[in-house]
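A.B. asks: Need coordinates for the following:
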Amino acid sequence: MSREKSRRLTNTKTKRESGYDHVVSCLEIETPFGKKALKSSRTFYPGEEDELRAELDKVQKLFEFAKEDKKTLSLLSEHFMCMKDIENTLMRSTGVNLSVVEIFDVKSLLFYASEIGKLLEGTGIDDEFFPMIPEDLVSLLDPRNDRTNTFYLYDEYSKELAELRSERRGLELERRKIQKARKESILKNYGIALTPKFDIVIPKTSEDIEKARQIEDLEAIAEDYSSVTFALTRNEEVYALFKRGEEIETQIEEEETKVRRVLSKAIGKKKDILLDNCRRIGRLDLLLAKAKFAIKRNCVKPEILDEHIIQIEEGRQLQMEEIIRAKGKDYTPVTMTLGEGVTCITGANMGGKTISLKLSGLVPLLAQKGFFVPCKKARVGLSNNVRILIGDSQSMERGLSSFGSEMEELKEILDQAKDRSLILIDEIASGTNPVEGLALTKSLVEYFIKRPYITLITTHYEGVTEEEGVRNLQVRGLAGANFTLLDKELRRANRKERIEIIGRYMDYRLEEVSRDKEVPKDALNIAKMLGIDKEIIEGAKKYIKSS
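C.D. replies: Sure thing, here's the model as predicted:
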C-alpha cells in the first residue's frame, strides 16, 4: 500500500460538517476522467509543502487563463463534454477484438485530445496537461486523412474487403434494376403503382384487390381487416442475386473481423499512451474546475507555511454564505489566527461560533487538497490530521444518548490524534449537567494544552478560558448594537421576525480578549428582547453575581 493510501487526513463527518463536501459538489467537472481524477486526487501533508505550492501554482495559471481567455475556455468545455470514458475499452484492447463502436470511441478520444492540444498552445499552461498524440495510430484510424470525428471500416484497410463491397454494390444495383423493370411492367399492364420498396397496400374495398391477386409477380405478405399488402415475388433471377449477396455478406463480415483484429492490436500497443492522455485530460479538467470555482466564489491562493499555523483573513464558510445570501442578507466574514495550543471561542448561541469553527476546518482541508480558499487572505500550515466534533450524533439504532455518542467520537479523535493535528470541538458536554460539563471541558483544555495540536473549542461555559495559555476569541455579538433602535424594531415585529432582527444586529466577528475580561451577557439580552419576564431576567443576573 502506498504512503498516500495508508494516510487519512480526515473522516467523512469532518468533510461534511466543515463544508468541504459542499465545495466538491459544486465543482463543474465535465469529463469522466476529471471525476476519476477528483476521486484519486492527492492530499498534501507536512513535509510536502513545496509540492503543494507547485500544485497551487498550476491552479493559479489556470485561474488566470480562465479569467482572461473565456473563448478558449468555452471551446475546451465543448470538447470535454463530448468525451466518453473509454478506459475499460483500452484495457480490453490487448486481449479482444474491439467493436466498430469501440474503435470509433478511441478515434474520438484522439480527435478531441488533438483539438485540446491545439487550444492549449500559446496559453502558458503546463506541458503536463498537453495530450500526447500517437500520429501513427491517428493515421491508421483515419486512412483518408479526413481528420473528422467519424469512423468506418474503410476499404483502404483491405483489398479483399474493397472488392467484396464493390461486388455487393453491383449485385444490389442489378437486383434493383430487375425489380424496377418488373415494377414498371406491372404499372403499364395493370395500372398498379408499387412504392420504391416494391410493395403496395391495397384497401379491401378497392377494385385493384382482385387484380393484384391475379398478378404472378405479386404476392400477399400481410393482411388485416381493412387492407392487404402485396410485394414483388423473388423470381429465379432475383433469388440468385439475393443468395449471392448473402454469401458476400458473410465474407465481408469475416474480412471486417480481421480488420478489427488488426486495429485492436494497434490500439493495444498504444494503450499506455492513450491511458496517460485520459489522465492528463482528467487532471486538466479537475484543476480547471478548481480555478473556475475560485473565480465564481471569490477564492484566493493560500500561502503555505512550514510552521503549524492557520491564519484566516475575512474567511467565509461557503455553505452558510449561500444560505444567508439567498435570504437577501449580508454575510459577515471572520478573521482568526490559530496556532498550536488551545483557543476557545465564546459568545451567545446566536453568535455564529459554530460557523467560525466550521470555517477553521474548511480552509485547511481545501488548502491541503490543492484548492483556493474562500478568504481575502489565508496562510496555512499543513496538518497530519483534521477532525471536527460537532452537533448531536445520537444514534437511535445503537441506543446511545447524544452525550454517549459524543464521548465515543471524542475517544476516536483522541486515539487518532498525532503531531500537527487540527482538532475542532463544538460545545463539548452540552448534553450533560452543567457542573460535570464544565469540569469535563476544563479538563479537556488542560489535556490539549500539553499536546502539539491546534485545538479550537467553542463553549458557553464560563471559566474555561481562565486556564493559563488558553487564547479566548470572543464573538462581538450585541456589544456594539444600538439597543434603542433594536428595541423599536422588535416592538413592531412578530415572533418569527424578532429572531431575524436580532440576527441583523449581531456582530459575528471575533476579537481576542484577555482572560480577566467579563463574558458579555448576550444570552440574557436576547432573552429579554424576546419577551422573557423581567423578573426572570433579574433573577438570572442575581445568580450570575453570586456565582
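A.B. asks: Just checking, which helix or strand of this structure averages the lowest pLDDT?
C.D. replies: helix 3-6 (a mean of 55; mean pLDDT, DSSP states H and E).
A.B. asks: Need the single longest helix in the protein, by residues.
C.D. replies: helix 236-269 (DSSP state H).
A.B. asks: buried ones in that helix?
C.D. replies: For helix 236-269, burial by neighbour count (16 or more other CB atoms under 10 Å) applies to 238, 241, 248, 251-252, 255-256, 259-260, 263-264, 266-268. Every residue, glycine included, has its C-beta placed from N, CA and C.
A.B. asks: okay, now R168: neighbour count?
C.D. replies: 16 (other CB atoms under 10 Å).
A.B. asks: Just the pLDDT at it, thanks.
C.D. replies: Per-residue pLDDT puts R168 at 94.
A.B. asks: Let the chain start at 801 from now.
C.D. replies: Sure, I'll start numbering at 801, so the last one becomes R968.
A.B. asks: Roughly how far does the nearest residue to it once chain neighbours are set aside sit from L964?
C.D. replies: Using CB to CB, 6 or more residues apart in numbering and skipping residues adjacent in sequence, the residue nearest R968 is I1048, 5.0 Å away. Distance, I1048 to L964, by CB to CB, to the nearest Å: 6 Å.
A.B. asks: Kindly report the same for G1237.
C.D. replies: Distance from G1237 to L964, by CB to CB: 86 Å.
A.B. asks: who has more neighbours, these two?
C.D. replies: L964 (22 against 19).
A.B. asks: circling back: list the buried residues for the next helix or strand after the longest helix of the chain?
C.D. replies: Of the helices and strands lying after helix 1036-1069 in sequence (DSSP states H and E), the nearest is helix 1071-1096. Residues of helix 1071-1096 classed as buried: 1071, 1074, 1077-1094 (neighbour count, 16+ other CB under 10 Å).
A.B. asks: Next: stretch 852-870.
C.D. replies: Result for stretch 852-870 [16+ other CB under 10 Å]: buried residues 852, 855-856, 858-859, 861-863, 865-866.
A.B. asks: now those as CSV including distance to R1116 and secondary structure?
C.D. replies: CSV is the format used below for the buried residues of stretch 852-870 (distance: CB to CB, whole Å; DSSP: H, G, I helix; E, B strand; the rest coil):
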residue, distance to R1116, secondary structure
L852, 22, helix
E855, 23, helix
L856, 19, helix
K858, 24, helix
V859, 19, helix
K861, 24, helix
L862, 22, helix
F863, 18, helix
F865, 25, helix
A866, 21, helix
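A.B. asks: quick check: angle from the longest helix of the chain to helix 1071-1096?
C.D. replies: Angle, helix 1036-1069 to helix 1071-1096, by axes from the mean of the first three to the mean of the last three CA atoms, to 10 degrees: 70 degrees.
A.B. asks: other SSEs contacting helix 1036-1069?
C.D. replies: Packing partners of helix 1036-1069 (3 or more CB pairs under 8 Å, 6 or more residues apart in numbering; DSSP states H and E): helix 900-920, helix 935-941, helix 959-990.
A.B. asks: Please repeat the previous calculation with a cut-off of 10 Å.
C.D. replies: Contact partners of helix 1036-1069 among helices and strands, from 3 or more CB pairs under 10 Å, 6 or more residues apart in numbering; DSSP states H and E: helix 887-892, helix 900-920, helix 935-941, helix 959-990.
A.B. asks: To I1021, which of those helices lies closest?
C.D. replies: helix 959-990 (14.8 Å; CB to CB).
A.B. asks: centre of the chain versus the closest one, how much separation?
C.D. replies: 56 Å (CA atoms, centre = their mean, to the nearest Å).
A.B. asks: Report the buried residues of it.
C.D. replies: The neighbour-count check on helix 959-990 (16+ other CB under 10 Å) flags 961, 964-965, 968, 971, 975, 979, 982-983, 986 as buried.
A.B. asks: Tell me the one among the residues you listed nearest to I1225.
C.D. replies: Checking the buried residues of helix 959-990 one by one against I1225 (CB to CB), the nearest turns out to be L961, at 72.2 Å.
A.B. asks: Tell me the spacing between that closest one and E902.
C.D. replies: Look at L961 and E902: by CB to CB, they are 19 Å apart.
A.B. asks: Show me the one of the helices and strands packed on helix 1036-1069 that comes nearest N1184.
C.D. replies: Ranked by CB to CB, the member of those that lies closest to N1184 is helix 887-892, at 32.8 Å.
A.B. asks: So which elements touch that closest one?
C.D. replies: Secondary elements touching helix 887-892 (3+ CB pairs under 10 Å, 6+ apart): helix 832-839, helix 900-920, helix 1036-1069, helix 1071-1096.
A.B. asks: one more time with 8 Å
C.D. replies: So helix 887-892, by 3+ CB pairs under 8 Å, 6+ apart, packs with helix 900-920, helix 1071-1096.
A.B. asks: Skip the chain neighbours and tell me the closest residue to E1113.
C.D. replies: Of all residues not flanking E1113 in the chain, K1177 sits nearest, at 4.1 Å (CB to CB, 6+ apart).
A.B. asks: residues in contact with the one you found?
C.D. replies: Going by CB atoms under 8 Å, 6 or more residues apart in numbering, K1177 touches 1100, 1103, 1111, 1113-1114.
A.B. asks: Would you double-check that T1143 falls in a strand?
C.D. replies: Yes - counting by DSSP: H, G, I helix; E, B strand; the rest coil, T1143 is found in a strand.
A.B. asks: thought it was touching T1259?
C.D. replies: No - between T1143 and T1259 there is no contact under CB atoms under 8 Å: 11.0 Å.
A.B. asks: So which of the two has more stuff around it?
C.D. replies: Using other CB under 10 Å, the more surrounded residue of T1143 and T1259 is T1259, with 26 against 22.
A.B. asks: got the CA coordinates for the host helix or strand of V1180 in CSV?
C.D. replies: Element membership for V1180, per DSSP H and E: strand 1177-1181. What follows is strand 1177-1181, C-alpha atoms only, in CSV (Å, rounded to 0.1, in the frame of the first residue of the first chain):
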residue,chain,number,x,y,z
LYS,A,1177,-6.1,36.1,2.5
ALA,A,1178,-5.0,32.8,4.2
ARG,A,1179,-1.8,31.3,5.5
VAL,A,1180,-1.9,27.6,6.2
GLY,A,1181,0.5,25.2,7.9
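A.B. asks: after that strand, next one along is what?
C.D. replies: Criterion used, DSSP H and E; the element after strand 1177-1181 is strand 1185-1189.
A.B. asks: packing partners for the following helix or strand past that following strand?
C.D. replies: The helix or strand immediately downstream of strand 1185-1189 is helix 1202-1216, counting by DSSP H and E. Here helix 1202-1216 touches strand 1185-1189, going by 3+ CB pairs under 8 Å, 6+ apart.
A.B. asks: now the strand it packs on and helix 1202-1216, what's the angle there?
C.D. replies: 170 degrees.
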